[in-house]
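Asks: Quick one: sequence and predicted model below, then my questions.
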Amino acid sequence: FADEGGNEFRRVDRARGHGVEVTAVTFQILADEHFGIVDDTDGADGVKDADDEQTPNDWSKVAPDYEWPGIGTSSLKFAGTFNGNMKAISGVYMSANASYVGFFNYTNSLATIRNLKLVDSYFFTTKGAIGSIVGQGDGKFDTIYSNAYVDGTTFWIGGLVGRTATKAGITMNNCWFDGE
């Protein structure tokens, strides 16, 4: 990811089998509207649209235009380092009829997530394993904050982590959840 200041975040995934190995993929978020937060007006009159006042708590009723797909799949789990540089990522919206939902859907034991601040975001699933940071995963998590709204209708619902994938689990240091 690259923020407005040009700070780049990289996703590094490794997958074995069928001769495929993805070693580095770079994502760039091009505009705030990708996260459903837009500060626009109705033209020259300077009047804000009603949806401009929408907050993550409203998203349970009316979804924003863009839904975050999450990083990682069951066959290609995130296995790299994500350093958020404590820049706030806000307005992430996910509402899925699937398991393993989070900013990262899946991580493995090689993953390191650090200095991540996820605010004013919304995560919902009708299936299991949901967390604002990771739906299902392992790895090292260091200095992470989230005040996201997290909700699910079944099992493995956590503020930061929905479910650990293996006995190795997740090592957490200085991580906290202050959401709903």
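Replies: Done, it's in.
Asks: Any idea how many residues pack against the residue nearest to residue 177 when sequence neighbours are not counted?
Replies: Nearest residue to residue 177 in three dimensions, chain neighbours excluded: residue 159, at 3.2 Å (CB to CB, 6 or more residues apart in numbering). Glycine gets a C-beta too; all of them are placed from N, C-alpha and C. Neighbouring residues of residue 159 were enumerated by other CB atoms under 10 Å; the total is 21.
Asks: Next, find the distance separating residue 159 from residue 133.
Replies: 9 Å (CB to CB, to the nearest Å).
Asks: Please apply the same query to residue 107.
Replies: Distance from residue 107 to residue 133, counting by CB to CB: 9 Å.
Asks: okay, and the common contacts of these two?
Replies: Any residue near both residue 107 and residue 133 by CB atoms under 8 Å, 6 or more residues apart in numbering counts here, and that gives residue 113.
Asks: Report the contact partners of the residue nearest to residue 177.
Replies: Counted by CB under 8 Å, 6+ apart, residue 159 has contacts 131, 132, 146, 148, 150, 177, 179.
Asks: 6 Å instead?
Replies: Shown in contact with residue 159 (CB atoms under 6 Å, 6 or more residues apart in numbering): 150, 177, 179.
Asks: same thing with residue 118?
Replies: 89, 103, 132, 146, 148.
Asks: Looking at those residues, spot the one nearest residue 122.
Replies: Nearest to residue 122 among those: residue 148, at 6.7 Å, using CB to CB.
Asks: so residue 150 makes contact with residue 132?
Replies: Yes: Residue 150 lies in contact with residue 132 (CB atoms under 6 Å); the separation is 5.2 Å.
Asks: So for those two, which residue has more residues nearby?
Replies: Set side by side, residue 150 and residue 132 show more neighbours around residue 132, with 31 against 25, by other CB under 10 Å.
Asks: distance of the nearest residue to the more buried one once chain neighbours are set aside from residue 61?
Replies: Beyond its immediate neighbours in the sequence, the residue positioned closest to residue 132 (CB to CB, 6+ apart) is residue 148, lying 3.8 Å away. Noted for residue 148: a distance of 17 Å to residue 61, by CB to CB.
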